[in-house]
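Quick one: sequence and predicted model below, then my questions.
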Amino acid sequence: MGMSSLFLAFTFLLLATTRLPVKACSCGPRHPQEDFCRSDMVVTAKFLSVPQLNHTLSRLQYRIKVVKKFKGIAPIPKFLTTPAQESLCGYRHKALLKSQEYLVAGRLLEGQLYVTSCSFVRPWSSLSPAQQLGFNQTYATGCSCQVQPCLSVPCNVENDTNCLWTDSLMSTLAEGSQSLHLACLPQKSGLCSWRSLNTEAPQPTT
């Protein structure tokens, strides 16, 4: 092999090994109570428009109508924004029915509701009655507690304000019993423990 061929091969190898990989979006599992407690605002909302691209901020923007606010003291947002690139965890709203209400838990950014594909954005009707009750009133009382994921055994509760979340060990479904039916709530003793929310949840009326 000639010197020129060696140089070209070395250059190609150098470029191949120094090229920065594009990181795909990945989301860790979270109990819905954690989504509620970590979010700046939690609402039910209807999506009124297809996304519009904000070239300056590199974000997609949806026009929304908030039906009911469960958490947040800021003015009601009229827009929902998300990263324009899916590799940066941009959320893509695929529903076509403008009448369908969605539970949206997100951050507040420049007066707009900001979400990613890791955020809790789901049709209200798809939530279990216990989850509806949780978002409507009960999760708020448990934000002094901490849901501690257990991804592999053995797991030990780190302190008295933690509830051990074992859904990933007990179920192969997307959501297990603790996510669908339970909340981690403080008790009179000062400890936190799981409590069942299996009761008919009120609908999010204005």
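Ah, there it is. Residues are numbered from 1 along each chain as shown.

From the contact counts, what lies against the lengthiest strand in the chain?
Counting by DSSP state E, the longest strand found in the chain is strand 59-71. Secondary-structure packing of strand 59-71 (3 or more CB pairs under 8 Å, 6 or more residues apart in numbering; DSSP states H and E): strand 41-47, strand 52-54, strand 79-83. Just so you know, the C-beta spots here come from the backbone N, C-alpha and C atoms, and that holds for glycine as well.

As JSON lines, those strands with mean pLDDT would be great.
Shown next, in JSON lines, are the helices and strands packed on strand 59-71 (pLDDT from 0 to 100):
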{"stretch": "strand 41-47", "mean pLDDT": "97"}
{"stretch": "strand 52-54", "mean pLDDT": "91"}
{"stretch": "strand 79-83", "mean pLDDT": "96"}
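
of all the ones you listed, which lies closest to Ser189?
strand 41-47 (28.3 Å; CB to CB).

I'd like to know which elements the closest one is packed against.
Using 3+ CB pairs under 8 Å, 6+ apart, strand 41-47 is in contact with strand 59-71, strand 102-109, strand 112-114.

Outside of that strand itself, list whatever touches it.
Contacting residues not belonging to strand 41-47 are listed as 35-36, 62-72, 74, 76-77, 80, 93, 95, 98-108, 113, 124, 135, 204 [CB atoms under 8 Å, 6 or more residues apart in numbering].

how far is it from where the chain is centred?
Put simply, strand 41-47 sits 13 Å off its chain's centre (CA atoms, centre = their mean, to the nearest Å).

Convert it to CSV, retaining C-alpha atoms only.
Provided in CSV are the C-alpha atoms of strand 41-47 (Å, rounded to 0.1, in the frame of the first residue of the first chain):
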residue,chain,number,x,y,z
MET,A,41,-47.9,22.8,36.5
VAL,A,42,-50.4,20.0,36.1
VAL,A,43,-53.5,20.5,34.0
THR,A,44,-56.0,18.8,31.8
ALA,A,45,-56.0,20.4,28.3
LYS,A,46,-57.1,20.0,24.8
PHE,A,47,-54.7,20.4,21.8
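
got the angle for it vs strand 59-71?
Angle between the axes of strand 41-47 and strand 59-71 is 120 degrees (criterion: axes from the mean of the first three to the mean of the last three CA atoms, to 10 degrees).

For strand 41-47, which strands pair with it and how are they oriented?
Paired neighbours of strand 41-47 in the sheet (DSSP bridges): strand 59-71 (antiparallel), strand 102-109 (antiparallel).

Any chance you could list what contacts the longest one?
With contact meaning CB under 8 Å, 6+ apart, strand 59-71 is reached by 36, 39-54, 76-84, 90-91, 93, 101, 104-105, 112-113, 135-136, 140, 204-206.

same deal with the shortest one?
Strand 102-109 has contacts (CB under 8 Å, 6+ apart) with 35-36, 39-47, 64, 71-72, 74, 77, 80-81, 95, 113-115, 119-124, 127, 135.
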